[in-house]
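K.L.:
how would this look folded up:
(2 chains)
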Amino acid sequence: MQFEVDIVKRLRGGSGEFVLRSRFSATDRALALFGPSGSGKTLTLLALAGLLTPDAGRIAINGDVLFDSEAGINLPARRRGVGYVFQDYALFPHRTVWQNVAFGLTPLFGRISREDAERVDELLDLFGLSGLAGQRPATLSGGQKQRTALARAVAPRPRALLLDEPFSALDQPLRLRMREELSRMLDAVSIPMVLVTHDADEAEAFARTVVVYNHGAVAGVHRADEVTGQGRDLADVLRRQVADAYADA
Amino acid sequence: MDILHRLLEARFMEPLLLTLKVAGLATAVAAALGIAAAYVLSRSKFPGRDLVDALCTLPLVMPPTVLGYYLLVVIGRRGMVGGWLKETFDITLVFTWQGAVIAAAVAAFPLVFKSARAALEGVGRHYEDAARTLGQGELAVFLRVSLPLAMRGVLAGTMLAFARAMGEFGATLMVAGNLPGRTQTLSLAVYSAVQAGDDDLANALVLVISLVCIAILMTTSRLLRPRF
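P.N.:
As a prediction, this is how the structure comes out:
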């Protein structure tokens, strides 16, 4: 999996102008965008998904250009083939767990195909949701919601899975358990992923490459094998970066 | 028993059936246009958006006679659209039940528009974004996510629009007149009955209108109770 990102986006807010300059390339299957809140990591993820249009730059996955301001290319989100798991999961409240997972496979007019329906059943099974198929999201626990959101994002076979702080809505003990479950399930579906997090342990647990953000810019890119090759601990390196980030904040 | 007897009379049944036809069609037109306008205005930014919003709400606050006058200017025999229709297709809208439908639709439009706009504004954008990342086009996003999530507000607005269309008087009178059996709707028939001193007929008409309106208001308030 090869991600190439080089984008600029200016945003005007209550506290003045925020400039995102996101630039990195990575070839690993699991990538973490890591940094304190407001450092631009979620904006980068939205731009990857096509939900935020950069002012200028280029985004490519495996050589497929998703966005290129000079060439006038801006693939709409629905054609990018990337799954997105929102921080609050954004499960459709008017649909059951089964319907949520089937959403991306169901045509606007007409019924879901038999093969796709079987895929939904398999995913529910894999994510431990089979018993909840007929329930609405409002009745689910935090962990169940997260698994439903993951299954829904994975169902249309995206080329990459984007996860925005997937554990932040869970409490601490559940967070640790879900982290292990998520790794296991993501291995099972074998889809490259980009994870946004502000938790150094999380970044270390998932990512082969960690892109560190600070004040809207990339402060460093760390590859896990390089860091460990130098006899250092990745989480340690990240924590030091966070400390630096907060020091000049 | 006298009221029951009245209920089966043509003088009563004709305005009732005409009213249901006119109000039903007018509500359908107002709902389709109102929801479309609300979606466009709630999801896009363009210069003059506030002005368009104000124009869409105008029929709600204008005196019905003023609204009727404007409609005559547009669809009257010598009106901008009406004159063209008359010349090209020999269609006249003034003093027809179709004219009454237009008058009622315009009067009812803001009620759908306002409710639908508020309901659509309340739909979290991340639900729509989630649908987009799941490969859905804009029509699918609207029909499968935005509209269902806003449905209760939209339905409540549509019910109110139906009530408004049923009770429409001033604009209808100016555009379609008060022709018994042709353009005389319930609210016009009540006026004529009272003018003619036919209290029994007036009572029966008023009773039916009141019952329908109470039913609509009760349904609306139930629809607006939160569910999720």
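K.L.:
ok, for A:K145, nearest residue in space, not its chain neighbours?
P.N.:
A:Y89 (4.9 Å; Cβ to Cβ, 6 or more residues apart in numbering or on different chains). In this view, the C-beta of every residue, glycine as well, is placed from N, C-alpha and C.
K.L.:
Check the secondary structure at the one you found for me.
P.N.:
coil (DSSP: H, G, I helix; E, B strand; the rest coil).
K.L.:
Can you pull out the low-pLDDT segments for chain A?
P.N.:
Applying pLDDT under 70 to chain A flags residues A:242, A:245-249.
K.L.:
quick one, what contacts whichever residue of it sits closest to chain B?
P.N.:
Closest approach between chain A and chain B, counting by Cβ to the nearest Cβ: A:G104, at 3.4 Å. Neighbouring residues of A:G104 by Cβ atoms under 8 Å, 6 or more residues apart in numbering or on different chains: A:152, A:155-156, B:134-136.
K.L.:
Could you check how many residues crowd around A:G229?
P.N.:
Using other Cβ atoms under 10 Å in any protein chain shown, A:G229 is surrounded by 9 other residues.
K.L.:
Correction: the previous question concerned A:M185.
P.N.:
A:M185 has 18 nearby residues by other Cβ under 10 Å.
K.L.:
list the contacts for it?
P.N.:
Contact partners of A:M185, counting by Cβ under 8 Å, 6+ apart, are A:126-127, A:147, A:150.
K.L.:
if we can go back for a sec, may I ask which of the contacts of A:G104 has the most neighbours?
P.N.:
For those, the largest number of neighbours (other Cβ under 10 Å) sits with A:R152, at 31 neighbours.
K.L.:
my read is that one is in a helix, agree?
P.N.:
Yes. Under three-state DSSP, A:R152 sits within a helix.
K.L.:
Wait, it touches A:N100, no?
P.N.:
Yes. Using Cβ atoms under 8 Å, A:R152 is in contact with A:N100, at 5.1 Å.
K.L.:
any common contacting residues for those two?
P.N.:
The contact sets of A:R152 and A:N100 overlap at A:L91 (Cβ under 8 Å, 6+ apart).
K.L.:
neighbours around A:Q99, how many?
P.N.:
A:Q99, neighbours per other Cβ under 10 Å, totals 18.
K.L.:
So which residues of the chain form helices?
P.N.:
Since no chain was named, I'll use chain A. A:41-49, A:97-102, A:114-126, A:142-154, A:172-189, A:200-206, A:224-229, A:234-247 (DSSP state H).
K.L.:
think we crossed wires, I meant chain B
P.N.:
Under DSSP H, chain B gives helices at B:2-7, B:10-43, B:49-61, B:64-75, B:80-89, B:97-121, B:125-133, B:138-141, B:147-167, B:170-176, B:186-195, B:199-223.
K.L.:
Format those helices as TSV; extra columns: mean neighbour count, mean pLDDT and distance to A:R240.
P.N.:
Putting the helices of chain B into TSV (neighbours: other Cβ atoms under 10 Å in any protein chain shown; pLDDT from 0 to 100; distance: least, Cβ to Cβ, whole Å) gives the following:
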stretch	mean neighbour count	mean pLDDT	distance to A:R240
helix B:2-7	12	61	86
helix B:10-43	19	91	44
helix B:49-61	14	92	49
helix B:64-75	19	91	70
helix B:80-89	13	84	72
helix B:97-121	25	94	45
helix B:125-133	21	94	34
helix B:138-141	16	94	43
helix B:147-167	23	92	45
helix B:170-176	25	91	73
helix B:186-195	19	91	77
helix B:199-223	15	86	56
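K.L.:
Next, format the ones you listed as TSV and append distance to A:R114.
P.N.:
Output for the helices of chain B, formatted as TSV (distance: least, Cβ to Cβ, whole Å):
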stretch	distance to A:R114
helix B:2-7	55
helix B:10-43	34
helix B:49-61	46
helix B:64-75	53
helix B:80-89	51
helix B:97-121	35
helix B:125-133	23
helix B:138-141	21
helix B:147-167	25
helix B:170-176	54
helix B:186-195	53
helix B:199-223	37
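K.L.:
of all the ones you listed, which lies closest to A:A200?
P.N.:
Among the helices of chain B, helix B:125-133 comes nearest to A:A200, with 26.6 Å by Cβ to Cβ.
K.L.:
who's in contact with the closest one?
P.N.:
With Cβ under 8 Å, 6+ apart as the test, helix B:125-133 has contacts from A:49-51, A:76-78, A:80, A:82-84, A:86, A:88, A:90, A:92, A:103, A:152-153, B:140-141, B:144-146, B:149.
K.L.:
ok, and does stretch B:136-152 reach over to chain A?
P.N.:
Yes. Under the criterion of Cβ under 8 Å from any Cβ of the partner chain, chain A is reached by stretch B:136-152 at B:136-137, B:139-140, B:143-145, B:148-149.
K.L.:
Quick check: the farthest pair among those residues?
P.N.:
Maximum distance among these (Cβ to Cβ): 17.5 Å, for B:G137 and B:L149.
K.L.:
And the contacts of helix B:125-133, which of them are buried?
P.N.:
Buried members of the contacts of helix B:125-133, counted by 16 or more other Cβ atoms under 10 Å in any protein chain shown: A:49-51, A:77-78, A:80, A:82-84, A:86, A:90, A:92, A:103, A:152-153, B:140-141, B:144-146, B:149.
K.L.:
thinking again about what came up before, my guess is the residue nearest to A:K145 contacts A:Q144. True?
P.N.:
No. In this structure, A:Y89 is not within contact of A:Q144 by Cβ under 8 Å, at 10.0 Å.
K.L.:
Please say which of the two ends up with more neighbours.
P.N.:
Set A:Y89 next to A:Q144 and count neighbours by other Cβ under 10 Å: A:Y89 wins out with 23 against 19.
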